[in-house]
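Peer 1: got a predicted structure plus its sequence, pasted below:
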Amino acid sequence: MGKAWTNRVIYGRLNWWSYEVKTHKCDMQMPLEILLINGPNLNMLGVRQPNVYGRSSLKDLEILCEREARSLGLSIDFRQSNAEGELVSRIQGARGAADGIILNAGALTHSSIALLDALASAEVPTVEVHMSNIHRREQFREKSYVSVFAAGMVCGLGSYSYVLGLRAIHNILNSRQ
Ligand code: CA2
């Protein structure tokens with residue numbers, strides 16, 4: 001979970017009168033673990049509505065996020081599900097296991113109190129992302145339950161919303177005490 005691990009390396013030197021054991025400490029910084037969750041219908045990226053969501057597929061988005069995460073020293077677990085219950089379980093599982101969450105809950109953003117409750121109980125710093133600008137579309141998309149818990153939100157920049165979301169969670173996690 002991105003905590004410093006201490007490895008104690010033990011090595012010995014043998015000669016005919018003694019066995020000398022020396023220890024050497026080395027600290028390793030493990031990468032911060034980010035759970036990146038995509039909600040319903042985002043598996044359709046690149047297939048329909050390119051005017052709204054662009055031409056990149058979900059796989060293209062995953063590759064982009066992997067590349068950005070690597071450059072920031074983050075490790076990501078990239079997921080998509082159309083099922084609200086599975087998303088709730090993933091968020092619950094992040095408690096104590098992930099350092100941060102990037103969440104595009106799709107249409108559940110605007111309706112799911114269950115996702116909001118899962119986020120609140122997981123207590124993992126979260127950044128909300130959206131491909132489209134949810135404030136320039138239908139009025140019902142303006143309300144986000146995810147935003148009640150999220151540290152911040154990036155929307156309207158297509159795949160680049162995810163890139164900025166990753167930079168934001170990196171910044172949040174690295175400025176913790
Ligand atoms: O802009 C976003 O990222 C959204 O979360 C996408 C959701 C929408 O309900 C939110 O209001 C905003 C919809 C995801 C559907 O994605 C599709 C992609 C291509 C074709 C059809 C659907």
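Peer 2: Cool, got the structure.
Peer 1: drop to CA atoms for contacts and neighbour counts, all remaining ones
Peer 2: Fine.
Peer 1: which of the three states applies to the closest residue in space to Leu115 that isn't next to it in sequence?
Peer 2: Sequence neighbours aside, Val88 is the residue nearest to Leu115 in space, at 5.7 Å (criterion: C-alpha to C-alpha, 6 or more residues apart in numbering). For Val88, the assignment made with DSSP: H, G, I helix; E, B strand; the rest coil gives helix.
Peer 1: residues touching the helix or strand hosting Val52, excluding its own?
Peer 2: Following DSSP states H and E, the helix or strand that holds Val52 is helix 50-53. By C-alpha atoms under 8 Å, 6 or more residues apart in numbering, the residues outside helix 50-53 that reach it are Leu45, Gly46, Met131, Ser132, Gly158.
Peer 1: can you give me phi and psi for the first one?
Peer 2: Main-chain dihedrals, Leu45, degrees, to the nearest 10: phi -50, psi 140.
Peer 1: which of the contacts of helix 50-53 come close to the ligand?
Peer 2: Among the contacts of helix 50-53, the ones lying near the ligand by C-alpha under 6 Å from any ligand atom are Leu45, Gly46, Met131, Ser132.
Peer 1: the ligand contacts on this structure?
Peer 2: For the chain, the residues in contact with the ligand (C-alpha under 6 Å from any ligand atom) are 41-42, 44-49, 53, 104-107, 130-132, 134, 141.
Peer 1: lowest pLDDT pick from the contacts of helix 50-53?
Peer 2: Ranked by pLDDT, those bottom out at Gly46 (92).
Peer 1: three-state assignment of that residue?
Peer 2: coil.
Peer 1: also Gly165?
Peer 2: Under three-state DSSP, Gly165 comes out as helix.
Peer 1: also Gly158?
Peer 2: Counting by three-state DSSP, the backbone at Gly158 sits in coil.
Peer 1: which residue is the nearest non-sequential neighbour of it?
Peer 2: Met131 (4.0 Å).
Peer 1: can you report how many residues neighbour that neighbour?
Peer 2: By the criterion of other C-alpha atoms under 10 Å, Met131 has 21 neighbours.
Peer 1: the one 10 residues further on too?
Peer 2: Around Arg141 there are 15 other residues, counting by other C-alpha under 10 Å.
Peer 1: residues contacting it?
Peer 2: Arg141 makes contact with Ala107, His110, Ile134, His135, according to C-alpha under 8 Å, 6+ apart.
Peer 1: the last one touches Glu142, doesn't it?
Peer 2: Spelled out, that is His135. Yes: contact criterion C-alpha atoms under 8 Å: His135 and Glu142 qualify, at 5.3 Å.
Peer 1: all set, thanks.
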